[in-house]
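Chemist: let's see this in three dimensions:
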Amino acid sequence: MAKSNVDSAEEIRAEIRIPTDNLPKDIPFFTRTLKMRMDMIYPADNPQVAVFSGHGIRLRVERGAAEAPATLRILTDNPDEFADGARVLTAPNGTKVEIDELNPPLVMPETEHAFVVRRLKDQAPWVIGRAGMHYRDLIPTRLGGSIIASHIRIPDGGPVPDMVHYHKVGFQLIFCLAGWVDVVYEDQGDTIRLHAGDCFIQPPEIRHRVLYASEAIEVLEIGVPAEHVTEIDHDMELPTPHFRPEREWQGQRFVHNVGKDSPFEPFRIPGFDARDTTICENTKEVAGVQVIRPATGDTRWARHHADIHFTFVKTGSMVLEGEGKDPYTLEAGDAFVIPPGMETRYSQASDDLELIEVSLPGAFRTETR
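Modeler: Sure, this is the predicted structure:
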């Protein structure tokens, strides 16, 4: 027979092997209960191996295999309708099967309020995280899991080994502290360069990709809740063809706030001015972000009533006074959390002091004296 001149694409398959002692009993479990397809079985007269596929996996069930029984997780939009509503099953071969939500609701832990001060000079460790970036934890307690605040740096500039991804999160802020970084976002046009003093909010599940960073880039990243899932989107290509700045993701709009274009106005606490990043408005008061600097007049003691009140010292220095606490002299790179109802005062501010204040919710009551 003549050889065909038509080249066929190479096909590669992967299988997960799991053991069995009684293959005939496993077949109806995997095909009927788990709604998988049987792709292969052999030998015909006394089957020892069967291959099943479905739900994104391929299983090789093999009699006498040396592996221990596995745990199989099936995620579905309707777990109560899959496998007659059972959430945990055990196959005849011992494989444990867990049925769970494909897109479980985001759980917002109750905030465990605490007064927290994190100083750069205390040498908190830098940890290598996603895409080779260095992370420094600014709230070690995470306030009971309600928030994570990270000081992130990329020592070497150049292309960032990132992929199109998104975060299942309630609120996320990226504030550039030094250098610049290029990022591309779903439905927000071409690449956007974030400069020092500028910030993004990344609405829940907006697809994005970090492309390129300058040398010595540093950012402040806030995520609520502290533990949230990052998923890779292998199908979407960025930039997307449409520019839709009005689009909302779970009620929030993408924000690119340019610091040099934002005016300063009197802050809610006398003795300071602030520039608003429009994040409160664009998240419908889920969160607020302001940049604060000294103004004229005496500073006052203040008591806020936000659930979460986090502040990062961007430049300069100050003294943080708190009721029942020793004063803290703070410098650039330091951070603190003030619990609701605690009276504090910002004093001895240097002329170049700038603070980044993040609050949840964005609008809250403050009392001063």
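Chemist: what's the nearest residue to residue 308 if we skip its chain neighbours?
Modeler: Ranked by Cβ to Cβ, 6 or more residues apart in numbering and with sequence neighbours excluded, the top spatial neighbour of residue 308 is residue 360, at 4.3 Å. Glycine gets a C-beta too; all of them are placed from N, C-alpha and C.
Chemist: one more: residue 139?
Modeler: That would be residue 149: by Cβ to Cβ, 6+ apart, it lies 4.9 Å from residue 139.
Chemist: now do the contacts for the one you found.
Modeler: 137-139, 220-223, 310, 312, 335, 358 (Cβ atoms under 8 Å, 6 or more residues apart in numbering).
Chemist: could I get the phi/psi values of the residue nearest to residue 308?
Modeler: Here is the backbone geometry of residue 360 (degrees, to the nearest 10): phi -130, psi 120.
Chemist: neighbours of the residue nearest to residue 339 when sequence neighbours are not counted, how many?
Modeler: Using Cβ to Cβ, 6+ apart and skipping residues adjacent in sequence, the residue nearest residue 339 is residue 113, 3.7 Å away. By other Cβ atoms under 10 Å, 18 other residues sit near residue 113.
Chemist: now the end-to-end length of stretch 255-270.
Modeler: End-to-end distance for stretch 255-270, by Cα to Cα, to the nearest Å: 28 Å.
Chemist: can you check stretch 191-206 too?
Modeler: 15 Å.
Chemist: buried stuff in it?
Modeler: 192, 194, 196-206 (16 or more other Cβ atoms under 10 Å).
Chemist: among these, name the ones in strands.
Modeler: 192, 194, 199-201 (DSSP state E).
Chemist: just the closest of the residues you listed to residue 292, please.
Modeler: residue 199 (14.0 Å; Cβ to Cβ).
Chemist: which residue is the nearest non-sequential neighbour of the closest one?
Modeler: residue 175 (4.1 Å).
Chemist: would you give the sheet partners of the helix or strand harbouring that neighbour, along with the direction of each?
Modeler: Using DSSP states H and E, residue 175 maps to strand 171-178. Using DSSP bridges, the strands paired with strand 171-178 are strand 199-201 (antiparallel), strand 217-224 (antiparallel).
Chemist: what's the end-to-end length of stretch 65-84?
Modeler: 30 Å.
Chemist: shaky segments in the stretch 151-300 of the chain?
Modeler: By pLDDT under 70, the stretch 151-300 of the chain has no low-scoring segment.
Chemist: pick the most buried one from the strands paired with strand 171-178.
Modeler: Highest mean neighbour count among the strands paired with strand 171-178 (mean count of other Cβ atoms under 10 Å): strand 199-201, with a mean of 25.
Chemist: and that one, how far out from the chain's middle?
Modeler: 14 Å (Cα atoms, centre = their mean, to the nearest Å).
Chemist: next one: stretch 214-228
Modeler: 9 Å.
Chemist: so what would you say the end-to-end distance of it is?
Modeler: End-to-end distance (Cα to Cα), stretch 214-228: 27 Å.
Chemist: ditto for stretch 220-237
Modeler: 26 Å.
Chemist: how far off centre is that stretch?
Modeler: Distance, centroid of stretch 220-237 to centroid of chain: 4 Å (Cα atoms, centre = their mean).
Chemist: how about stretch 40-47?
Modeler: With Cα atoms, centre = their mean, you get 48 Å for stretch 40-47.
Chemist: what sits up against that stretch?
Modeler: Taking Cβ under 8 Å, 6+ apart as the rule, stretch 40-47 contacts 23-24, 27, 48-51.
Chemist: so which of those residues is the most crowded?
Modeler: Busiest of these [other Cβ under 10 Å] is residue 50, holding 22 neighbours.
Chemist: for residue 73, see how far away that residue is.
Modeler: Residue 50 sits 21 Å away from residue 73, going by Cβ to Cβ, to the nearest Å.
Chemist: now residue 193
Modeler: Relative to residue 73, and taking Cβ to Cβ, residue 193 is found at 40 Å.
Chemist: residue 86: neighbour count?
Modeler: Using other Cβ under 10 Å, residue 86 has 13 neighbouring residues.
Chemist: and the closest residue to it other than its chain neighbours, what element?
Modeler: The shortest distance from residue 86 to any non-neighbouring residue, by Cβ to Cβ, 6+ apart, is to residue 99 (6.6 Å). Residue 99 is part of strand 96-101 when elements are defined by DSSP H and E.
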